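[1] Pasting a predicted model and its sequence here:
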Amino acid sequence: TQSTRPQRILDAVQKNATRGDPRSVVKAIDHFCRNKEWAMNVGDEKGCILDSVVSEVNPATVLELGTYCGYSTVRIASLLPPHAKLITLEFNPDFAAIARQVIAWAGLEDKVQLVEGASGDWIPKMKEQFGVKTFDLVFLDHWKNSYLPDTKLMEECSLLRKGSVLLADNVICPGAPDYLEFVRSSPRYKSQYFKSHLEYTKVEDGLEKSVFLG
Ligand SMILES: O=C(NCCCCc1cc2ccncc2s1)c1cc(-c2ccc(F)cc2)cc(O)c1O
Ligand SMILES: [Mg+2]
C-alpha cells in the first residue's frame with residue numbers, strides 16, 4: 001500500500017536514528033527532508049532559534065500547538081529540565097499516530113503528552129484535564145489563522161502569566177499577519193522577530209517571540 005510522507009519520515013527515523021537519542025532523531029528527519037522530501041517541520045535553522053529560546057526560558061510547562069511528526073516536540077522535550085511537562089496538540093490523527101512513534105523512538109514519552117483534537121476545544125480544558133495552572137512557553141505551529149484567536153483564548157482561560165513566552169513559527173511564510181499585528185501593537189506583549197528561512201529552503205520566514213506582560 002502507498003505510504004504517506006509522515007510514514008516515510010518515521011521510516012527514516014527508525015532506519016537512521018538511534019533509539020533514545022533525540023539529537024539523532026532530529027538529524028535523521030532533517031536529512032530526509034533536505035535530501036528526499038520537503039516536509040513542514042520547523043527544521044534545523046529555525047530549530048536552533050527554538051532551542052535557544054527553550055534553553056533561555058527553561059520551562060516547567062510547555063504547550064505546543066501543532067505536532068505534525070513530532071520534530072519540534074523532540075527538539076523541545078530534549079531540552080526540558082527533569083519533571084518538566086510538554087503538552088502537544090495535533091488535529092490530524094494520522095500525524096498524531098506517527099508523532100507518538102517518533103517521540104517514543106527518541107525516548108521522550110515520559111516528558112510529552114500528545115493530545116488529539118482542535119486547539120479551540122482543548123485550550124479551555126487544559127486546567128481541568130491536565131492540572132495545568134499556566135504555561136511558561138507556548139510554541140505556535142498550527143493553523144496560521146488560529147494563532148490570534150487561540151492566543152486570546154489562552155489569555156481568557158488565564159493560561160498565561162507575567163513572563164509567559166509565546167514563540168510562533170511561520171510568521172512570514174505562510175504568514176500570520178493578524179497575529180503579528182496584534183502581538184507587536186499590544187501593550188501586553190513585548191515582541192521580537194527572529195529572521196530565518198522557511199524550513200529546508202531559501203525563502204524568508206521567521207519566528208516571533210512574544211513575552212506576555214500580564
Ligand atoms: O500549515 C502549517 N502548519 C500547520 C498544519 C496544521 C496542523 C494543525 C494542528 C492543530 C492542532 C490543534 N488544533 C488545530 C490544528 S491544525 C505549515 C505550513 C508550512 C508551509 C510553508 C510553505 C508552503 F509552500 C507550504 C506549507 C510551513 C510550516 O512550517 C507550517 O507549520
Ligand atoms: Mg511551521
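    It's in. Ligands and ions are numbered 1, 2, ... in the order given.
[2] Spit out the contact partners of residue 8.
    Contact partners of residue 8, counting by CB atoms under 8 Å, 6 or more residues apart in numbering, are 32, 36-37. Any C-beta I mention is one placed from the backbone N, CA and C, and that applies to glycine too.
[3] Hmm, I typed the wrong one, I wanted residue 212.
    Contact analysis of residue 212 by CB under 8 Å, 6+ apart lists 155, 160-166, 188-189.
[4] Around ligand 2, which positions in this protein sit nearby?
    With the criterion set to CB under 5 Å from the ion, the chain comes near ligand 2 through 141, 169-170.
[5] mind listing the strands in the chain by residue range?
    61-65, 85-90, 112-116, 137-140, 165-168, 189-197, 204-212 (DSSP state E).
[6] Make JSON lines from the ones you listed and add mean pLDDT and distance to ligand 1 to it.
    Output for the strands of the chain, formatted as JSON lines (pLDDT from 0 to 100; distance: least, CB to the nearest ligand atom, whole Å):
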{"stretch": "strand 61-65", "mean pLDDT": "99", "distance to ligand 1": "5"}
{"stretch": "strand 85-90", "mean pLDDT": "98", "distance to ligand 1": "4"}
{"stretch": "strand 112-116", "mean pLDDT": "98", "distance to ligand 1": "9"}
{"stretch": "strand 137-140", "mean pLDDT": "99", "distance to ligand 1": "9"}
{"stretch": "strand 165-168", "mean pLDDT": "99", "distance to ligand 1": "10"}
{"stretch": "strand 189-197", "mean pLDDT": "98", "distance to ligand 1": "11"}
{"stretch": "strand 204-212", "mean pLDDT": "99", "distance to ligand 1": "7"}
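[7] Residue 74 is nearest to which of those?
    Nearest to residue 74 among the strands of the chain is strand 112-116 (8.5 Å), distances taken as CB to CB.
[8] So what angle separates the directions of that closest one and strand 85-90?
    Here the directions of strand 112-116 and strand 85-90 differ by 20 degrees (axes from the mean of the first three to the mean of the last three CA atoms, to 10 degrees).
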